[in-house]
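Novice: can't give you the sequence, but here's the structure:
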């Protein structure tokens, strides 16, 4: 199985981290290709960032069309996800979507922890759109962040650990999502130190994408459209 | 007051219709400028269309930055609306948003009528995102449509009239929204023939935008970002 | 345009404050008339107060029937609002209704701040009835209040300022409503000192009422009834 | 135990019907007094009717203050109920409230049937306010009605029977409420002819009021207020 | 009237406490029989406990079939309640169900207080299933508990008193439920010391069961089934 | 990986069908063991059936404790699921849970189709408990059924096909669940004949269970309890 992983931001070091985690999570027969968004922003924080990142993600999906059996949008707000599902012809999963569903299947109430409060509104809207808000025990986020998204996983590991503990102890979460593309892999590192299962979005998305491909190897595509003025990748997705 | 109206699809005849309706609705001191999306699709129907249209809408808003006191996104799914609100620095309204709020203030339950069932899922998601689903008496839509968006208002006027009647009589709506950019102006034509107030999104957006500018002439902008690879209009919006 | 503003409580100094704010907000062609509830209570705090205030408000609307093109119920719980909409024949807005809709159009999540916790249950019920609870970031209220409603805006200005700051900083509100008829005008005074737009219910109601009159100059009235034993104003509303 | 039953409309024949049904339902030690609203309308249909009826109901409760251990508001939209609960000092139940709670305790999903569609919006709003909408299988209502509220129970018995059958068979209701003060007693007549339990609001309210008085013989009253210009009954309730 | 009370846990001292409270609450003509679950756990805390307790409760109900006119499941999570309602042929009430409905009829928002946080998730799920979450002002619970369920009511009386005060003062509850079978009777003891009505589940269930029996002396049973391998009590319930 | 599949009803031919479908769906390294509920009913239709089936399912899980790396509860209402998750120590999935999550990840709105209307209330409650009701386009069910659960998949294939078409065409479902343990495998047979992806609960559960085992090979167990009077399998689960 060929799995395409799109990092929706333009930070290559984050793409590298995501690719490593995806390959670590993949089953033996799965070949992972990771690409960086062809345009956009270094970190996706707000709705305007996500609007642009969604279109960049579609362009990446279109540019690689025909080369993958499933795709993952590796940015925690799932930019462009619904559009991608309509047009890809194969299963597409967002890492927040995958994390929410995996957590809901593993426990009764899940917590969501991330490294900066600035991301929380986008994550909350994303959760609501996926329809699983009723299963969430709450969000816990770190303070404002202005550092390097490529190393924030290490820089804020201790803070995340504390937030996980609060989610379990104070919010009653029996499984906790470590949210955000830049934190890919951190759940695996911290897992042995906490009492509840930790969910990493990339890992969850890889395992669930492999499952979905077996359940629905093809997904109906919407009828072709004839867009004007789009970059070639984006145009290819609508063809 | 300078009001920018963006038609999020690329059909110039729809832009013309919208512009005419906006100018008809505008107060004496309001100068209306209407622009067509610089790229994208002729009609916005699904989530993938809306994703691209949202980015095109932002590009149009950015290209004209500094030339308007308020803006209207004249496409019924409100593509790019949340992003635009974060970045425009002035009030921005979508025509569905304006229609939902106006209808909610004029009656207890509003119906939503449009010319083709294909648009309904996008409209329902849009309503949910605005948080007003609890005020909606239901949607009623026409059959599949493959004609000219520029003349559908005339072509399907009788069908819309019948759907309005059903919304009032069967769903208990005491106000009805005639939804869709391509139907701009139809509510005004049909209004005298029905017993409930009809809401046109463009008209509602013009009147409410004029009101909001008085309430909040400036709106805080999110901090500038440094995007890469964007077209100049889009880049200007993030500057 | 002739705009009737009804203060639903019996405190004339509050009527004066509301009238001043409404006139300040009104467009050049709008003539504002303000009246005090003909019976009832000095401050509307609980559901039983609101029940009586609603009927008093209807009596005021009926007594002035035919002299206004739109009406505002200037009491934050919107007493009598749904009844008034059924019977007035012209647009009627409550100041909480107007504030909720204006805030929802200007930001993603709004906070609600008021001078005393005693009002919060009534405001929360009011918000739920308008269907916009999903857009609210939370309420923040001052302590118990037993002073003069006519001067509470000045007496508790500092407290309100602090609550606004908490709503923005801790609750993530990107627009904040300063709630309560007795606080009319305070949002305008405090606005320059805070980072988020402040919404005053009276101001919002005036601007939105002017917009609605253009969208629906008349609103269908329910069939006449023949009530028994009502005061003449109330009876006139049902005629 | 002394039980006051207030008919919130001004039709004495409906009061008589309600009183008979309440006495039929009452336990041996319960003395039922029934009163007609001192002012208002012959039938309560819309929100404006209910606003006036609520105040009339409070006036009736205040006029009889001190003479009852519990009270019932015998009008299906429960006009004035929340206000009455704040001020009566003893348990007060609305007949819709009682019917909703009794039905929810007797089955998994209840249907609501009434004699005219005109009442349905008021009943739906009432259900939402009581917070039990999630337990309702749906409403079924007869056509427009312009006859005598005092004899509608007999005139439309066959229609109600058919609606009950549809609620059970098509909506999956396992208990059905026969709604509306003017239908008091009809559930008892029709009960033997249907497969699901039928709930009559007055009967439910009597039985539940007797239960509540044992659970909470007194209920805290809100602090006294000094209203101006109220009729003596209403003023007594606030004293 | 013959009332069967089933303690769903296997602690006989709790059964004794519940029986005493039920008899104290019962009307003169009501004969109370209390039984202990025939198998299961000493205290019901989690979903797995409740699953087993529910089946044990059904076995108790089946073993006594034909000897009661109504039944109460006296365990706060209401284990087996929906199943019992389908099969008993007479009204069955859970003590949490009874407490939620009684509290909702006595106030606008109820608080729920219990002796240990471990029970809270089960109670919250129970409340959601009954559809009354929108009426709840919040839960307040004591710390972890590992003592004797038979004496916890006395051991933690002071803690419960404090939690009741917080529910009223901080959460705005105007009525408070003292939750948990092992706390049966505590509400009656503490009642005189607090400003809001306290609801005891057993007491509420007795009074409401007496009311329901008058409203629906028989309840339709689902068709008989032929289960295999069940204990005789359970089999009797399905016969 | 060792996967235990529990058929919660006592019909061996259904177990056989489920086992065959599970083995067909399993990845090469997965060994499937299927067991029939040790006691209970031939078909699980209502809440009382599900209560007993849940306990029987736990007994089966306990009896086989230590012999599986994940378990599936192969009965569409997911009886005993939450209890099983607390006690199994490994991932446990219900087939409705798996179907709901898989469908939600493959489309925007899923339909649910089953062979008899009698099952619909149980399925709806199950969906609500999983928190995904907001993603469901509606249920469509066949008429009453009194035949052999072991052959209903063949007997009602044509009816199911028609219901799937209605779900897609009338309800707007873009993926459809074929619900019910007795229909295991039918989705695979019908799939080529419909335009939308069909989801089979057993197949979805196998693929997702394999994914979850990789994400969380062990799941925290609740502390051991000392139940009394349970059958040995059940007791083993609590040890």
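Specialist: Received, thanks. Note that this is a predicted model, so its numbers are computed, not measured. Residues are numbered from 1 along each chain as shown, chains lettered A, B, ... in the order given.
Novice: Now do the contacts for whichever residue of chain A sits closest to chain E.
Specialist: Nearest residue of chain A to chain E (CB to the nearest CB) works out as residue A:172 at 6.1 Å. Just so you know, the C-beta spots here come from the backbone N, C-alpha and C atoms, and that holds for glycine as well. For residue A:172, the contacting residues are A:109, A:137, E:120-121, by CB atoms under 8 Å, 6 or more residues apart in numbering or on different chains.
Novice: TSV for those, including pLDDT?
Specialist: As requested, the contacts of residue A:172 are exported to TSV (pLDDT from 0 to 100):
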residue	pLDDT
A:109	95
A:137	95
E:120	89
E:121	88
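Novice: For chain A, which residue gets nearest to chain D?
Specialist: residue A:134 (12.4 Å).
Novice: Could you find the closest non-adjacent residue to that residue?
Specialist: Spatial nearest neighbour of residue A:134, excluding adjacent residues (CB to CB, 6 or more residues apart in numbering or on different chains): residue F:131 at 4.0 Å.
Novice: If I look at that neighbour, what pLDDT would I see?
Specialist: As predicted, residue F:131 sits at a pLDDT of 96.
Novice: before we move on, what about the one 5 residues further on?
Specialist: Model confidence at residue F:136, expressed as pLDDT, equals 97.
Novice: With residue A:228 instead?
Specialist: On the pLDDT scale, residue A:228 gets 93.
Novice: What about it, how many residues nearby?
Specialist: Around residue A:228 there are 13 other residues, counting by other CB atoms under 10 Å in any protein chain shown.
Novice: what pairs with it across the strands?
Specialist: residue B:40 (DSSP bridges).
Novice: Can you tell me how far the spatially most central residue of chain A is from residue E:85?
Specialist: With distances taken as CA atoms, centre = their mean, residue A:95 lies nearest the centre of chain A, 2.3 Å away. To residue E:85, residue A:95 is 43 Å away according to CB to CB, to the nearest Å.
Novice: for residue A:9, same thing?
Specialist: Counting by CB to CB, the gap from residue A:9 to residue E:85 is 54 Å.
Novice: just to revisit the earlier point, identify the residue spatially nearest to the residue nearest to the centre of chain A, adjacent ones excluded.
Specialist: Excluding its sequence neighbours, the residue lying closest to residue A:95 (CB to CB, 6+ apart) is residue A:201, at 3.1 Å.
Novice: surely that neighbour meets residue A:99?
Specialist: Yes. At 4.2 Å, residue A:201 and residue A:99 qualify as touching, with contact defined as CB atoms under 8 Å.
Novice: Skip ahead from the longest helix out of those in chain A and say which helix or strand is next.
Specialist: Determined from DSSP state H, the single longest helix within chain A is helix A:47-63. Beyond helix A:47-63 on the C-terminal side, the first helix or strand identified by DSSP states H and E is strand A:70-73.
Novice: what's the spacing between that following strand and its chain's center?
Specialist: Counting by CA atoms, centre = their mean, to the nearest Å, strand A:70-73 is centred 9 Å from the centre of its parent chain.
Novice: Are that strand and chain B in contact anywhere?
Specialist: No. Taking CB under 8 Å from any CB of the partner chain as the criterion, strand A:70-73 and chain B are apart, separated by no less than 12.0 Å.
Novice: Run the chain-centre distance for the helix or strand just after that strand.
Specialist: Using DSSP H and E, the next helix or strand after strand A:70-73 towards the C-terminus is helix A:81-87. Distance, stretch centre to chain centre, for helix A:81-87: 14 Å (CA atoms, centre = their mean).
Novice: got it, and stretch A:160-172?
Specialist: Offset of stretch A:160-172 from its chain centre (CA atoms, centre = their mean): 21 Å.
Novice: How about it, which residues are buried there?
Specialist: By 16 or more other CB atoms under 10 Å in any protein chain shown, the buried positions in stretch A:160-172 come out as A:160-161, A:163-165, A:167-168, A:171-172.
Novice: Next: stretch A:209-217.
Specialist: Residues of stretch A:209-217 classed as buried: A:209-216 (neighbour count, 16+ other CB under 10 Å).
Novice: Residues contacting that stretch, please?
Specialist: A:1, A:3, A:26-27, A:30, A:69-72, A:90-91, A:93, A:98, F:25, F:27, F:102, F:105-106, F:175, F:197, F:199, F:203-204, F:207-208, F:210-211.
Novice: Show me which residues of chain A sit near chain E.
Specialist: Contact residues (CB under 8 Å from any CB) of chain A with chain E: A:108-109, A:172.
Novice: Closest to residue B:20 out of the residues you listed?
Specialist: Nearest to residue B:20 among the residues of chain A next to chain E: residue A:109, at 53.2 Å, using CB to CB.
Novice: Now for that closest one: which residues touch it?
Specialist: Here residue A:109 is in contact with A:135-137, A:171-175, E:121 (CB under 8 Å, 6+ apart).
Novice: Going through the residues you listed, which ones are buried?
Specialist: A:135-137, A:171-175, E:121.
Novice: Looking at the residues you listed, which are in strands?
Specialist: A:136-137, A:175 (DSSP state E).
Novice: do you know how far residue A:118 is from residue A:143?
Specialist: 9 Å.
Novice: So for those two, which sits in the more crowded spot?
Specialist: More crowded of residue A:118 and residue A:143, by other CB under 10 Å: residue A:118, with 18 against 10.
Novice: Contacts only, for that one.
Specialist: A:45-46, A:144-145.
Novice: if you set the cut-off to 10 Å instead, what comes out?
Specialist: A:43, A:45-46, A:141-146, B:222 (CB atoms under 10 Å, 6 or more residues apart in numbering or on different chains).
Novice: Can you work out which residues contact both of residue A:201 and residue A:99?
Specialist: Common neighbours of residue A:201 and residue A:99 (CB under 10 Å, 6+ apart) are A:76, A:78, A:93, A:177-179, A:187.
Novice: Which of those residues has the largest number of neighbours?
Specialist: residue A:177 (33 neighbours).
Novice: circling back: from the contacts of stretch A:209-217, keep the buried residues only.
Specialist: A:1, A:3, A:26, A:30, A:69-72, A:90-91, A:93, A:98, F:25, F:102, F:105-106, F:175, F:197, F:199, F:203-204, F:207-208, F:210-211.
Novice: Which members of those residues are positioned in strands?
Specialist: Judged by DSSP E, strands contain the following of the buried ones among the contacts of stretch A:209-217: A:3, A:70-72, A:93, F:175, F:199.
Novice: any chance of the residues you listed in a markdown table, with pLDDT and distance to chain D too?
Specialist: Listed next are those as a markdown table, based on pLDDT from 0 to 100; distance: CB to the nearest CB, whole Å:
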| residue | pLDDT | distance to chain D |
| --- | --- | --- |
| A:3 | 98 | 41 |
| A:70 | 98 | 37 |
| A:71 | 98 | 38 |
| A:72 | 98 | 36 |
| A:93 | 98 | 31 |
| F:175 | 97 | 25 |
| F:199 | 97 | 24 |
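Novice: what's the spacing between residue A:115 and chain B?
Specialist: 18 Å (CB to the nearest CB, to the nearest Å).
Novice: Same check on residue A:31?
Specialist: Using CB to the nearest CB, residue A:31 is found at 26 Å from chain B.
Novice: What residues does the residue nearest to that residue when sequence neighbours are not counted make contact with?
Specialist: Nearest residue to residue A:31 in three dimensions, chain neighbours excluded: residue A:2, at 5.2 Å (CB to CB, 6+ apart). By CB under 10 Å, 6+ apart, the contact set of residue A:2 is A:29-33, A:64, A:66-71, A:90, A:213.
Novice: so residue A:126 touches residue A:180, yeah?
Specialist: No. With contacts defined as CB atoms under 10 Å, residue A:126 does not count as touching residue A:180, sitting 11.6 Å away.
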